[in-house]
Every structure is written in structure tokens, then in C-alpha cells.
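**Q** Below are the sequence and a predicted model for it; my questions follow.
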Amino acid sequence: MGYASGTGGHFGEYRVPEKKATRMNDSADAASSNVESSHKNQDVSDEKNLVVSFIQFLRQRISREQCTTDQVEGIEVAVQCLETAFEITDSSYLFQPSKPLLDIFVAAEGLPAGVGDFPKPTAEEIKIANNLKEEGNTLMKSSQFEDALLKYNEAIKLNKDPAYFCNRAAAYCRLEQYDLAIQDCRAALALDPKYSKAYGRMGLALSCQNRYEQAVEAYKKALELDPEQESYKNNLKIAEDKLKELEESFRQGQGPGLFGSQMPDMTALLNNPAMMNMARQLMSDPNIQNMMSQMMTGILGNGSNAGVSNLIEAGQQLAQQMQSANPDLVEQLRQQFQGQGGPSNESDRNGPHENGTQPPQ
């Protein structure tokens, strides 16, 4: 029965049998796993339904003849990309929102009636927003980046100040969400085209994505506006050096990719069913088709340097798409290649950075 014997012939305290406890723990783990799986499936369903609602909004724009010919073509490409990215099938369109997506958005986030642009903040809102920004800066200094992000979000809702967008870009960079960081830098520059720090932060985010050619341009713009800033000078040199390394390695037949500076065994790759399936999926993606078309146009229509840069950027984008489409397979292939003597992609950590002269404002 699993009782512990006591002294004097009396029973001691009852102890749960070890095997039964294991079963109970296994059941609890299974239940927890089922709950997590259920939540994940629900999240995926909600995301698909949101995308379906947005596609319906786009198609309604076309059916109501509210678009130019160029806009119609752009929408058709956008719909194909969304359907591919979110695995939208015919059955996904069985979902019908209770209200049009635009109505839901207007109710939640729309501007007041008669207001054609963001309303000018009041003095009180400016004060509150500045306090929120300062709280975000304090959180950044203590490496609480997620919490800092929330503070900057609240500040931006009250006051569209370019510094707030730029500070949020810094938080996104620390969280390795570089696309969002670049987006915020562009928003800051839309508000203040002479904001050097936004160009500097954008260069940093682009460098972290290995988009060195664009990073160089961003750092040059930053230096035009603030010629004495040492961090811009240092990061510009790093980006230029990295770009030269990539161009040189490409000319030597060691183009950038997932496997380092040497080519993997192509026969093994071509005989890998999972790899070939992923290749077919990628080449059917409108994003990839458009990227390859632009790349070939650049190579044929520009000089050799421009062609090399286009090939480098295309290779990087293709690698990112492969990583996103099937990260497990990519990691497996990388490990197999490195196990054969290939180099690691983790060797160089001397990338660009913001020094102490460039804290959040």
C-alpha cells in the first residue's frame, strides 16, 4: 500500500507511492502541454483570420474601383505574399468577420471626426510623454529593454516626437528586432529630416542585418549632419570594411550564405529531399521571384560593383528567407557542413556599436 512503517507497530505517515507520483506528474505535464498547444493553435487561427480580414479589405478596394491600375497590381502581389507567408488556403476564407476590418480599426484607433491628421498634443500630454520617455531611458540603462519599449510606446501615443521613435529604435535594436528599429528611424526622419541620431541608429540596425551598403549610406548621412560624432565615424569604417570583405569574398567565389565562406557539398544538398522541397517553396514565393528579378536587372543594367552588391544583398535575403522557412533544417545543414571542416559564422563579434556619447535622449 506504500505506507512507511512506524515504531511500536503503529503506522507512520502516508506517502504517495513513487510510481503513482510519476504518473501524476506525467499527466500534469501532458495537460500543461495540451494547454500550451491549444493556445498556440488558437494564436495561429487568430492570425490567419486577421490576415483573411485584411485580404478581404484589399479585395473590396479593388471591387469598388477605388484603386489605380498600379495599385491593383501591387495589391495582387501583396495578397499572394500574404497567402504564402501565413499559409492561407481556400478553407481559410470560410471565416467571415462580424464587422469589416476597417470599421474595427476606426473604432479602436481612428482619429476623431473632422481631424485629418494626428491631433496636436496638449501641454499636459507633452509633460506626461516626456516623463514616460525618461522612465524608458532609465529602464534601458538597467537593460530592461522590454519594459523600456512599453514606456516609449505610451509616450508616442501622446506625442509624436522624433526622439521617442529614435529611442524606441534603440530598444528594438537591443531586442534584435532590427526591421522595427529601421522603421522607427524612418518615422523619426519623417518628422525631422535632419535628425542625425536617427540615421546613426538606422545604420546600426542595417549593419546588424549585414546590409552594409545601406548602412554605409546611413552613416554618411549621419556624419553630414553631425561631422564630429566619433561613433558615426567608427561605425562607418566598420561597415565599409565589412562591405569590402563581402565583395572580395564574392569575387573569390566564396559568396555569403548560411554555411560560411566555403561552399557546401552541392551533391548532398541536391539529394536532400527536405532541402529541395524548401527550395521549391521559396522559388514559388512572389517575394523571392521579385527579388531575383530585381537582382538580375541590377546586374545587367549596372556596373560590376553594383552587380556584386546586388548579388550579396540577394544572397543575404535568400538566406534569411531560408532561415525563416525552415530553421531546423538550416541549422542541421550548417552543423553538418561545419562538421566537415567548414567555418563558423560566429567568429566575428567586432560589429558596430553605440558608445557612451550616444545614449537615449
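**A** That came through, no problem.

**Q** Quick one: residues contacting Thr101.
**A** Heads up, residue 101 is Leu, not Thr. Leu50, Ser53, Phe54, Gln56, Phe57 (C-beta atoms under 8 Å, 6 or more residues apart in numbering). Quick note: C-beta positions are derived from backbone N, CA and C, even for glycine.

**Q** Report how many residues lie close to the first one.
**A** Look at Leu50: counted by other C-beta atoms under 10 Å, it has 14 neighbours.

**Q** And the residue lying closest to it once chain neighbours are set aside, what's its pLDDT?
**A** Leaving aside its sequence neighbours, Leu50 sits nearest to Leu101 (C-beta to C-beta, 6 or more residues apart in numbering; 8.0 Å). pLDDT, Leu101: 91.

**Q** Which parts of this structure belong to which domain?
**A** The chain resolves into domains spanning 18-109, 124-251, 266-339 when parsed by automatic domain parsing.

**Q** Quick one: mean pLDDT for the longest one?
**A** Averaging pLDDT along domain 124-251 yields 96.

**Q** Can we start the residue count at 157 from this point?
**A** From this message on, residue numbering opens at 157, which makes the last subject domain 280-407.

**Q** Tabulate the contacts of Leu257 (JSON lines), appending distance to Lys398.
**A** JSON lines is the format used below for the contacts of Leu257 (distance: C-beta to C-beta, whole Å):
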{"residue": "Leu206", "distance to Lys398": "38"}
{"residue": "Ser209", "distance to Lys398": "42"}
{"residue": "Phe210", "distance to Lys398": "37"}
{"residue": "Gln212", "distance to Lys398": "44"}
{"residue": "Phe213", "distance to Lys398": "41"}
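
**Q** top of the residues you listed by neighbour count?
**A** Ranking those using other C-beta under 10 Å puts Ser209 first, with 18 neighbours.

**Q** which non-adjacent residue is nearest that one?
**A** Leu257 is the one closest to Ser209 (C-beta to C-beta, 6+ apart), at 4.2 Å.

**Q** And what about Glu384, helix, strand or coil?
**A** coil (DSSP: H, G, I helix; E, B strand; the rest coil).

**Q** Tell me who's in contact with it.
**A** Glu384 neighbours (C-beta under 8 Å, 6+ apart): none.

**Q** helix or strand for Ala234, which one?
**A** Assigned by DSSP states H and E, Ala234 belongs to helix 225-241.

**Q** again, but for Asn309
**A** Using DSSP H and E, Asn309 falls in helix 301-314.

**Q** which residues are contacting that helix?
**A** With C-beta under 8 Å, 6+ apart as the criterion, helix 301-314 contacts 277, 281-282, 284-286, 288-289, 291-293, 295-296, 317, 320-321, 323-324, 327-328, 330-331.

**Q** picking up where we left off before, helices or strands next to the helix holding Ala234 in the packing?
**A** helix 174-219, helix 442-457 (3 or more C-beta pairs under 8 Å, 6 or more residues apart in numbering; DSSP states H and E).

**Q** Which one of those helices has the poorest average confidence?
**A** helix 442-457 (a mean of 58).

**Q** measure Glu373 to Ile284 for me?
**A** 37 Å (C-beta to C-beta, to the nearest Å).

**Q** buried set for stretch 252-264?
**A** The neighbour-count check on stretch 252-264 (16 or more other C-beta atoms under 10 Å) flags Leu257 as buried.

**Q** Measure how buried Cys364 is and give me the count.
**A** 16.

**Q** Which residues are in contact with the closest residue to it other than its chain neighbours?
**A** Spatial nearest neighbour of Cys364, excluding adjacent residues (C-beta to C-beta, 6+ apart): Tyr334 at 5.2 Å. Applying C-beta under 8 Å, 6+ apart to Tyr334 gives the contacts Tyr328, Ala361, Leu362, Cys364, Gln365.

**Q** Am I right that the fourth one is in contact with Arg330?
**A** What it means is Cys364. No. Counting by C-beta atoms under 8 Å, Cys364 does not reach Arg330; the two are 10.5 Å apart.
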